[in-house]
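Participant: Got a predicted model here, sequence first, then my questions.
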Amino acid sequence: MRTSTLFTALLLMAAVPVVSLGQTADGRYATHNGHEMSEEMPDGSTVQMQHYTQITFANDRSHPMDNVSSDCMGRFHIAADGGLISAGGTCTGSDAEGNSSTFWWRADKVMTDDCADLCGSWGYFNGTGKFKGIQGGGTWIRSTQFANGSSGTWEGKATLM
């Protein structure tokens, strides 16, 4: 009886997902541009592919997603008049211990009533080490564009399954 109770308890514990990042978090990010390729389209628009790096900081310094360095690739479609048509990409971030997580991102709004510059969304789709099984996502707001990168804020939620 005792063995079957212990086995049942262990089985139930294994079936319950581990939630260690379940709280909503927020913070800042900064990017630094790397290699870029551009191609002009027949309609006068331009498609840019850009490699860049990003560092993400959480406002709660104890949060596991604080101080993560990412290697990213982005695609930007720019109209002939210079306006942004679309943008999106992926980033793979690593913490100091080598655990990694990969997320997609996209631009959703450009200079609208509720977005002064560039705003978008993001979501996790892969992870290793302590980030294995990561799920979640959120939003980001670019607040500053530099000649060689950008910075802004992010918020979101991550859950480990």
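Facilitator: Ah, there it is.

Participant: Please count neighbours and contacts with C-alpha atoms only from this point.
Facilitator: OK.

Participant: looking at this protein, which helix or strand is least sure?
Facilitator: When each helix and strand of the chain is scored by mean pLDDT, DSSP states H and E, helix 2-15 comes last, with a mean of 35.

Participant: So which elements touch the one helix or strand Val47 maps to?
Facilitator: Assigned by DSSP states H and E, Val47 falls within strand 46-58. Contact here means 3 or more C-alpha pairs under 8 Å, 6 or more residues apart in numbering; DSSP states H and E; on that basis strand 46-58 packs against strand 24-40, strand 68-78.

Participant: Now do His63, the pLDDT please.
Facilitator: His63 is assigned 78 on the pLDDT scale.

Participant: So it: helix, strand or coil?
Facilitator: With DSSP: H, G, I helix; E, B strand; the rest coil as the basis, the three-state label of His63 is coil.

Participant: Quick check on it: phi, psi?
Facilitator: For His63, the backbone dihedrals (degrees, to the nearest 10) come out as phi -70, psi 140.

Participant: middle-most residue in the protein, spatially?
Facilitator: Closest to where the C-alpha atoms of the chain average out (C-alpha atoms, centre = their mean) is Phe103, at 4.6 Å.

Participant: so what's that residue bridging to?
Facilitator: Cys91, Tyr124 (DSSP bridges).

Participant: Could you list the buried residues of stretch 32-51?
Facilitator: Across stretch 32-51, burial judged by 16 or more other C-alpha atoms under 10 Å covers 32-33, 45-51.

Participant: Cool, thanks, talk later.
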